[in-house]
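[1] Make a model of this:
(chains A, B, C and D)
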Number of protein chains: 4
Amino acid sequence: MIALQKISYTIAALAVVSRVGASDNGLARTPQMGWDNWNAFGCSVSETLLQQTAELIVNYGLRDLGYHYVVLDDCWSVGRNASNNNSLAADPTKFPAGMKAAADNIHDLGLGFGMYSSAGKYTCGGYAGSLGYEEVDANTWANWGVDYLKYDNCYNEGQAGTQLISYNRYNVMSKALNATGRPILYSLCNWGEDYPFNWAPTIANSWRISGDIFDDWDQADARCPCDGDDAWDCRLPGFHCSVTNIMNKVSFIVSKSQPGAWNDLDMLEVGNGGMTDAEYVAHFSMWAAVKSPLILGNDLRIVPAADLSIISNAAVIAINQDPNGSSAARRWKYATNGTDANGRAEIQMWSGTLMSTTGGDYYDFVVLLINGNNVETVLNATLADIFVDFGAGGTADEVKIPWEVRDLWANRMSTTEAQAIISANGTAGYNGTNVQTRYNATQTSYAEGLAAADELLLGNVTTTIQPSGTVSATIAPHGAAIFRLRAMPTAATKKRDEL
Amino acid sequence: MIALQKISYTIAALAVVSRVGASDNGLARTPQMGWDNWNAFGCSVSETLLQQTAELIVNYGLRDLGYHYVVLDDCWSVGRNASNNNSLAADPTKFPAGMKAAADNIHDLGLGFGMYSSAGKYTCGGYAGSLGYEEVDANTWANWGVDYLKYDNCYNEGQAGTQLISYNRYNVMSKALNATGRPILYSLCNWGEDYPFNWAPTIANSWRISGDIFDDWDQADARCPCDGDDAWDCRLPGFHCSVTNIMNKVSFIVSKSQPGAWNDLDMLEVGNGGMTDAEYVAHFSMWAAVKSPLILGNDLRIVPAADLSIISNAAVIAINQDPNGSSAARRWKYATNGTDANGRAEIQMWSGTLMSTTGGDYYDFVVLLINGNNVETVLNATLADIFVDFGAGGTADEVKIPWEVRDLWANRMSTTEAQAIISANGTAGYNGTNVQTRYNATQTSYAEGLAAADELLLGNVTTTIQPSGTVSATIAPHGAAIFRLRAMPTAATKKRDEL
Amino acid sequence: MIALQKISYTIAALAVVSRVGASDNGLARTPQMGWDNWNAFGCSVSETLLQQTAELIVNYGLRDLGYHYVVLDDCWSVGRNASNNNSLAADPTKFPAGMKAAADNIHDLGLGFGMYSSAGKYTCGGYAGSLGYEEVDANTWANWGVDYLKYDNCYNEGQAGTQLISYNRYNVMSKALNATGRPILYSLCNWGEDYPFNWAPTIANSWRISGDIFDDWDQADARCPCDGDDAWDCRLPGFHCSVTNIMNKVSFIVSKSQPGAWNDLDMLEVGNGGMTDAEYVAHFSMWAAVKSPLILGNDLRIVPAADLSIISNAAVIAINQDPNGSSAARRWKYATNGTDANGRAEIQMWSGTLMSTTGGDYYDFVVLLINGNNVETVLNATLADIFVDFGAGGTADEVKIPWEVRDLWANRMSTTEAQAIISANGTAGYNGTNVQTRYNATQTSYAEGLAAADELLLGNVTTTIQPSGTVSATIAPHGAAIFRLRAMPTAATKKRDEL
Amino acid sequence: MIALQKISYTIAALAVVSRVGASDNGLARTPQMGWDNWNAFGCSVSETLLQQTAELIVNYGLRDLGYHYVVLDDCWSVGRNASNNNSLAADPTKFPAGMKAAADNIHDLGLGFGMYSSAGKYTCGGYAGSLGYEEVDANTWANWGVDYLKYDNCYNEGQAGTQLISYNRYNVMSKALNATGRPILYSLCNWGEDYPFNWAPTIANSWRISGDIFDDWDQADARCPCDGDDAWDCRLPGFHCSVTNIMNKVSFIVSKSQPGAWNDLDMLEVGNGGMTDAEYVAHFSMWAAVKSPLILGNDLRIVPAADLSIISNAAVIAINQDPNGSSAARRWKYATNGTDANGRAEIQMWSGTLMSTTGGDYYDFVVLLINGNNVETVLNATLADIFVDFGAGGTADEVKIPWEVRDLWANRMSTTEAQAIISANGTAGYNGTNVQTRYNATQTSYAEGLAAADELLLGNVTTTIQPSGTVSATIAPHGAAIFRLRAMPTAATKKRDEL
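    Model prediction:
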């Protein structure tokens, strides 16, 4: 058995789940947030880049929205130092002050420092990998003050192909990290090979579920060959996977995510220029709804204002950081006729439970409508479909009460304000800590804010729907709408089952 | 080779099969019957729930129809007791009198007590799992008086993906159970991963063949991704699998069931409210015909009268408990036009051998017609198709004789009577032991009753069909008809092959 | 690399292939021929049945056509004798004179004796299996005088799922058989699991490629789920596989057959009554053309005359027993409109090299045309397609010469004659040894007969076709035509490549 | 992560990649080139054939175009010499002077000597294989002066089916070769089983990705069953794979190729007569663009002039030997209506980065247009599609500048000239070393020639295209066009990202 369906049981389950720890390290009780240089910079890394970016994360208010980790990706080393226990040495050209200094600077800004390696002979970029050097490397990183490890899969010397082989390979590093005594978030990156959703939850905080993301909505690429109804069974993860491709892959395994252990849809592309504003809004909404880690992947030094406003939406982030930690699930997907340039057209509806912000017996609910058509489309989600997990065919109690519908993009920051933040760059108060109109998760956690029904986290009331009603939205081409449903305070309190 | 096709050989084979024992424990010569709390209660378990349910099983006459095991599912422990050999300890809040007392009470009612654990680090609900603790746990359960183990698959630490890895993992518990000396039915629950129908028959009494059932007829759900012609090859069993999805999965592997070792289609949803009466009738008929364990999954304290009448149908249960232990097989499935809300429409015919109740040389036969259309439909099954295993294209001897057709739902208990039983709750004689109009399997086993051609097990004579004829039925949307065919006593006795 | 394409290279290769021995036992240089009781009798075995059948094999002239092995299938033992080294004991009821006597009697008739067991805990019928007892069992069989082992796959305790696991399991018996010093043909029967065509050739003389055959042309059955373009990759071989299903499976792996090591399409169904005469003619032609072992599976005591005439066709058998040992390959398969009751309709053409009977530089060639339509159909095979392996698009030298076409069913024994043989039952000279109109392979091997261009092996001249011409045949529904093409003696001698 | 997308990062990556060595042997920094006897001669090998061919390679100027290795394929041995450390012995009939002499002669001509064996009990032709004899065989070859090993996969005794099993089997030989101290290029040939693109790059210089090639454009053959969108996941590589089939297989894994480690599409069929001139031109262009080893597979003694002119095209070879070592990738493939005799019709566009020959900041680019239609077709490639890897939807900087388009077949050697070379056979100066109109890579490496923008490597200027423009070509049936795009010198220099 897998699912716990009704509210009373789920509450019981949540108490239990706290015993199940990814790596038993207590980290990532909600999906990790942060920034990684790969999508925008690849191998062009340096201490300057990290420092500049870390400062912008603070100054643009992103730190106080929860973006915590600054992750240095591949290409940072010059290999192993035979005279120093074969430990990895940082590239002195890229990091003249050394890696510990880089970490210290990041820590001084109230952020965490992430590091990259591969469970192979080489990293994907061809640098020294950690396979066979797990202990020494974990100790090196702990000594540097590393808080996070992204651990890749290249050049693994045939140690893949069955769950046990992959589990064993990645478990060596899990144990090594834990043995350091330093809490290090373990971001397993084997691209979904060998069904990591089965075996990674006890050893890692997240696991990638696909090949590398590509900054496009739905372009098919032979190099990312798994698509469609059996995309979860992918033995060639590849790369250049579109947002739609990855979202499809997670649809089959949403239940595998849980506090401390998350499906990772790869780093965000918002801000990298390959998609429209509607597409980036949808991309961010999707990643939030399925509880993917939210790791920014753009060049913050040149972030467009519109993109900054997307990644700054606290109401959407609050979906991602919901204390229940339950991913939305896809309720339906239909092919349609609004074919785009890639020959695709489909519409989808996802929904899932959220922590209650009403104090009643009903969960809040997230509803995500995705318009893959190439034209503006009105999409409809019935309460029967939204709440199908609580009873098929509209038999759920939740279908029989009215709901308040809140549009989570209604309060999106204006481009003007975003541009002002960018222009100020921390000099004029726009650093996220002293602007009252913005949510500050450093001061008040999302869990606390939701418990207090902080309006900054709840979007705008759009409408109310009656029992057996329908949530509707007019959505731009390749766009999405995301709503929070809250049980109407006037509804009769649902009776919990008593034994 | 796999199949034994003709009556004389099968008789020979049956003598042989008795030597093949699941776990060599002699249990489950017919599919196990009982009740499990998961489908209706999830983690909300308690000794009160077990006790109340056990009493209702007796009072509603279900015990005497064969429902023997009361199975306590996940979430019952508080972990391991380091000072007591690391044995599992029951949750004292949920089971204040202790687990042995719970078992004793169940035994006192003439019922068996079932227990749950997982072959992993944790159970699916996040409690302590038994992987690595098989011996100590088996001994604990034996000491408590446990008669049945449902053994799950969560958090298995990569020990899956090949038949041998899964076999070895589950075999450890098989041996541990046998070593206790107490007969404990072993219900293997790895959701069909790694083809358990190949390797489980020698170590377990049943094995699940799919992800968890969902209380719906045919809704597609991305979380149960395997469907269609290769659904038997499912590496992501998932959950939220509809009745139709599971029935399709078993169609490929019906021959793997045998006395002592059964394909398990998961616990019944009858009474949980997600399906129509016709759908529940079909669901129960299907599970019976393919020799699935019949484990009730509803809340008996609030069972609707109509649902009680379904699970009380002795004539259908007699199909399931037939001494031959031979599953019906799907003879055809066609897509049709009567599409339902889920976009599906298909009709199916299944048939299979039953013990003869006529004393002649011919087996009885079960015929199951399934109407997946969204409209009432007349379905037809030709004798040629029904008996195809005895000769293709209508060449079987069985096609050339007339048959008596008995509708196994014709004598379904009325809702009025069912309601009376519920209302009486054991106080007015409706406890199944002293009502002459009901079959009492405690007094007379199904094997004995069938040998005596007890009319309570045979349904109503509906019609007779002539050689090369057709069995027809008008069937409600998403409904099924199930018939017992008996060779007409006037037919010439079939000659067995002599050597 | 796999293929050797042109005649000169193949000649070189043939010399080489002789070094590659299945089991290194020197047996089955051409596909084994014989009889096995399973298809017609299942578990109903006895020494009487074997003796009666062996005598009929001689008396009906089948021995002298090459049917050599009398194979006793499952259900012959009563288990292991703990006081005799745990050796298997024959069932004294079925074999009162003992197994050695049964073997002696068969040997006295000039036939070989075959035996059955399973590489598992039990046989498929539930009797004691040989897994873990390979040496003692091999010795027992050698002592009894066994010449042939069919070795099954049931109850293998998870020892399947990778090539290496299956290879190791079956190799234990291969070594044990060889260690006895007695030449025992090793017929590996794991139903095609784990790609035995890759690893069985060095340890066995043949390997099954599918689940058990069913006596039908093309009926789909959920219990034999692998069909279509990826049917070779079957992880659930199942049973009840139609002739068409099995023929499709071999199409992908024809090149794996070689002298001493053959793809086994399962025992013949000719004579068991489920198919039409045209279908049985096609079935026998197919098995012959792809070099399957030809193991009769019918009840010879009641063989219909028409079926005896099919299995007695020396010209078709000569295709099967061709010294080159090269399987025909499928050149094309097309879906058509002549749909049958199972909803199928397709036509196929196969061709392959044969030993030259002309003494020239060109191989003979076999052409097999299969009509899966439900109506009589004219099928055409161009020389370009027949000889495509020697050059695509009609570029082969073989396309540029004329060919004599011989219909291998033209000289089919008449039903009258077959009935006379049956009626005589050895008493009137119809025992195959003294009838001049029949080929006697005991006296003159097929290799010798072909070398001498014995007309009894060559069918009837039907026509000649000119360069770039077409072979045509009018074929009954579900029937086949099979031709031997011989280079016209008037054609210019093809020059071999010289170095 | 896998890809490095922009020019500045890739440059960084290239520096890195030099640390990743296939076998750490430093060989094949660009794809190996040469000749192998198998496609044309199979087992008909001899020292005479090698010597004649080697001389023709020199005399026809092929050596000086880069064709370096003369590879002796299967069937050269007479087995192991028990009295000489079980080392392999060459067939004295085929190689009367011995193998060392054959190698010396080849070396004397300035060529390398390649050898063949199989990682199995036997070679595919049935000769002694090297499994279990890796060290002794590697030493034998090193002593003979072998420079190259093609290592096959037949009769591997079940040692396949998981990546680790295959890796371990092939790694034994990798280590043995390296241990000899002689640089021996390691050409791994397991036909793509077990995803060698994952594990071979660290142990071998190239790995086959398919079953054996067949000299045809797109004929479907049941013996090469993997085709279509999941062709990369092929567990039955088979043989008789068409050019189109193999090209499709590489489309999914192009990124796995890198200096020192290449996807091997199998030996060329140019000159073997099964395809049209247009098809051979396309075949050669494809293999070049995806960085396959270019190993001739024809009989050079009878090479048609037109085919010599194909394999002599230095401008196309320069694509293959580009120092960047980055494979082109398929950008699109569409089914069309121009169906050919095999029922297929599709068009494709591939593109990829090349070393800059302009000295600017932009890579050169290769564009390959493939016309699978049976009619002449105009194909168009937009800059947006060509440069999609640098930005989806036309957002790449490269789309915004003009490009010079050079047709790489425009300067194809005339048939007259090719025939003159053949007729001269080295006697009249046409030996490739002293003809100024031909590129001589022995004197000037392709890297040097490209750096110098040698016109012999650049094709003819066909046209220029403006920003957001389209490259067009009119292409013969089953033909291809291949272009080099060079950034227009007048274009504004692209600014690299600075940190």
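
[2] the strands in the stretch 1-150 of chain A, which residues?
    A:33-36, A:69-71, A:77-81, A:87-90, A:112-118, A:148-152 (DSSP state E, counting those that start in this stretch).

[3] The fourth one and chain D, are they touching?
    This points to strand A:87-90. No. Contact of strand A:87-90 with chain D (C-beta under 8 Å from any C-beta of the partner chain) is absent, the minimum separation being 13.7 Å. C-betas here are computed from N, CA, C, even on glycine.

[4] Give the full set of residues in contact with the closest residue to chain D within the stretch 251-400 of chain A.
    Closest residue of the stretch 251-400 of chain A to chain D, C-beta to the nearest C-beta: A:G274 (4.1 Å). With contacts defined as C-beta atoms under 8 Å, 6 or more residues apart in numbering or on different chains, the neighbours of A:G274 are A:F214, A:D215, A:D216, D:G391, D:A392, D:G393, D:T395.

[5] contact partners of the helix ranked longest in chain A?
    Ranked by number of residues, the top helix in chain A under DSSP state H is helix A:163-179. The contact list for helix A:163-179, computed with C-beta under 8 Å, 6+ apart, reads A:23-25, A:119, A:130-131, A:134-135, A:137-139, A:142, A:149, A:151, A:156, A:159-160, A:184, A:186, A:188, A:190, A:193-196, A:198-200, A:203-204, B:157-161, B:165, D:162, D:164.

[6] Give me the domain ranges for chain A.
    Listed domain ranges for chain A are A:31-320, A:329-487 (source: automatic domain parsing).

[7] Enumerate the residues of the stretch 201-350 of chain A near chain D.
    Within reach of chain D by C-beta under 8 Å from any C-beta, the stretch 201-350 of chain A has these residues: A:211-212, A:214-216, A:219, A:222-223, A:225, A:235-236, A:238-240, A:273-275.

[8] Please repeat the previous calculation with a cut-off of 7 Å.
    Contact residues, the stretch 201-350 of chain A versus chain D (C-beta under 7 Å from any C-beta of the partner chain): A:212, A:215-216, A:219, A:222-223, A:225, A:235-236, A:238-240, A:273-274.

[9] If you rank those by neighbours, which is first?
    Among these, A:D215 has the most neighbours (other C-beta atoms under 10 Å in any protein chain shown), with 28 neighbours.

[10] That residue: helix or strand, and which one exactly?
    Assigned by DSSP states H and E, A:D215 belongs to no helix or strand.

[11] Now it: closest residue in space that isn't a chain neighbour?
    Spatial nearest neighbour of A:D215, excluding adjacent residues (C-beta to C-beta, 6 or more residues apart in numbering or on different chains): A:G274 at 3.1 Å.

[12] ok but the one you found is inside a helix, no?
    No. Counting by DSSP: H, G, I helix; E, B strand; the rest coil, A:G274 falls outside a helix, being coil.

[13] where exactly do the helices run in the stretch 101-250 of chain A?
    Counting by DSSP state H, counting those that start in this stretch, the stretch 101-250 of chain A has helices at residues A:134-144, A:163-179, A:196-199, A:243-251.

[14] Also the stretch 301-450 of chain A?
    Remark: helices assigned in the stretch 301-450 of chain A by DSSP H, counting those that start in this stretch are A:305-311, A:314-320, A:383-386, A:415-424, A:446-451.
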